[in-house]
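Asks: One predicted model, sequence on top.
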Amino acid sequence: MLFIIPNHYTEDEAKEIINKTEKLLKKNNSDIVYREYWGKKKLAYSINQNHYGYYGLCEFNTEKINIRELNRLLGLSKEILRHQIVTIPALSDEERARLKERQEDVANKTKKEKSNPKEKLDKETDKKEVKDRKETDSKTKQKTDLKDLDEKLAGIINAKDLV
């Protein structure tokens, strides 16, 4: 479950709301397996005049019948701006660590490209040079082809055995 707490709460209040949400999960016979606090992030679009929110992620095991009740209770809560519960296959600790490592690698690579625009510019320059080279090669080939074609046409026109 991913949920967003409105920005008008402080950081400490947001953590208390997260604890309260986890207690709600436990009260509804859910076993919490994994949790993450992502902190304050900008929302993609404003929700009820909120432009920022505190994000929390919680993975839990529960019976299918409990999810409907959890959705209802979280939807009624004024402390939770939005929530989304999805069903995923259970991950082992090793798989979760591997997935997290892969996500961090992608994030670091993206951050490196943003922090080193010269390297990105070099890559773009290389791509442009390759494209220019291909265009030049195709123009040269086209000119050669036209020259050959003209010679063949001249040969056909000047041929005496066709008349």
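Replies: Structure's in. What do you need? Numbers count the residues shown, from 1 in each chain.
Asks: So for stretch 26-42, mean pLDDT?
Replies: Mean pLDDT, stretch 26-42: 88.
Asks: So which bits of it are buried?
Replies: 28, 30 (16 or more other CB atoms under 10 Å). Using the backbone N, CA and C atoms, a C-beta is placed for each residue, glycine as well.
Asks: what's in contact with stretch 60-73?
Replies: 1, 24-25, 28-33, 83, 85, 90 (CB atoms under 8 Å, 6 or more residues apart in numbering).
Asks: again but with stretch 93-104, I slipped
Replies: 34, 91.
Asks: isn't there a strand covering K41?
Replies: Yes. Assessed by DSSP: H, G, I helix; E, B strand; the rest coil, K41 belongs to a strand.
Asks: Count the residues that sit near the residue nearest to it when sequence neighbours are not counted.
Replies: Nearest residue to K41, sequence neighbours excluded (CB to CB, 6 or more residues apart in numbering): Y55, at 5.5 Å. Using other CB atoms under 10 Å, Y55 has 18 neighbouring residues.
Asks: Test my guess that Y55 contacts P6.
Replies: No. Contact between Y55 and P6 fails when scored by CB atoms under 8 Å: they sit 11.5 Å apart.
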